[in-house]
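Visitor: heads up, no residue letters with this:
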């Protein structure tokens, strides 16, 4: 039995769900930026139905804006904030027994480097080897890293825009009915296939997503740093009860 999942989607709307179902997906993992875990869980539950399982997750921004390393964590029991050191986040994921996926390795200044991957290989459950925002050489580098570290691969749409959903997914060779089943499949490294569109639509998706990336790193970055006040996922936010106050990087 094959279970088709898109393990990293940043947006969740009726249109996203419609596109996911049209693409034949069984599940998507919803991990929006700068959104606390309870809100992610609530929204994911609201959009799940018998035809599409929506699983909540957090892409945690470790480090500072200048040198941040993103890590995707599924199955968290307790919230983990952004803007804490990578080692603090990884220790927390390990403590909670979370499923840890590495998106876009060694991409720009937002990713785990090879040294990080080697250091935390025993915590990491899979490495992304195809990302629609990548150029071919980025994907080749990611595949080489997964092979050299003997870590299972995955791919996702990494959809920041609804139109990107369906351009890539991971087909797991497992019978999966619940979120717990999916986490177990990743944790156990079950056989899988990495499936993606590499035709004209993929490249138009890449162009659109890279345009969104430029926005994220210009106006949106200025807005978050200087205009919007304390991020809801800042480690010193009241929601974290002071647990991460000393770990905040700014």
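Guide: Now that the structure is in, tell me what you want to look at. Since the structure is predicted, the reported quantities are computational estimates derived from the model, not experimental observations. Residues are numbered from 1 along each chain as shown.
Visitor: And the next helix or strand past the top strand by length along the chain?
Guide: In the chain, taking DSSP state E as the definition, the longest strand is strand 53-63. Counting by DSSP states H and E, the next helix or strand C-terminal to strand 53-63 is strand 68-74.
Visitor: same for that next one, what does it pack against?
Guide: Applying 3 or more Cβ pairs under 8 Å, 6 or more residues apart in numbering; DSSP states H and E, one finds that strand 68-74 contacts strand 3-9, strand 53-63, helix 86-96, strand 99-102, helix 179-188. C-beta here means a position set from N, CA and C on the backbone, and glycine is covered the same way.
Visitor: List the buried residues in the longest strand of the chain.
Guide: 53-63 (16 or more other Cβ atoms under 10 Å).
Visitor: Could I get the average pLDDT for that strand?
Guide: Throughout strand 53-63, pLDDT has a mean value of 97.
Visitor: One more: stretch 169-179?
Guide: Rounded mean pLDDT across stretch 169-179 is 96.
Visitor: ok, back up a step: could you single out the nearest of the buried residues of strand 53-63 to residue 87?
Guide: Residue 87 lies nearest to residue 62 out of the buried residues of strand 53-63, by Cβ to Cβ, at 8.5 Å.
Visitor: ok, the closest one touching residue 91?
Guide: No. Using Cβ atoms under 8 Å, residue 62 is not in contact with residue 91; the gap is 11.3 Å.
Visitor: just to revisit the earlier point, export the helices and strands packed on strand 68-74 to JSON lines and append columns for distance to residue 154.
Guide: Putting these into JSON lines (distance: least, Cβ to Cβ, whole Å) gives the following:
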{"stretch": "strand 3-9", "distance to residue 154": "6"}
{"stretch": "strand 53-63", "distance to residue 154": "13"}
{"stretch": "helix 86-96", "distance to residue 154": "16"}
{"stretch": "strand 99-102", "distance to residue 154": "6"}
{"stretch": "helix 179-188", "distance to residue 154": "8"}
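Visitor: Of all these, which one is nearest residue 143?
Guide: strand 99-102 (12.9 Å).
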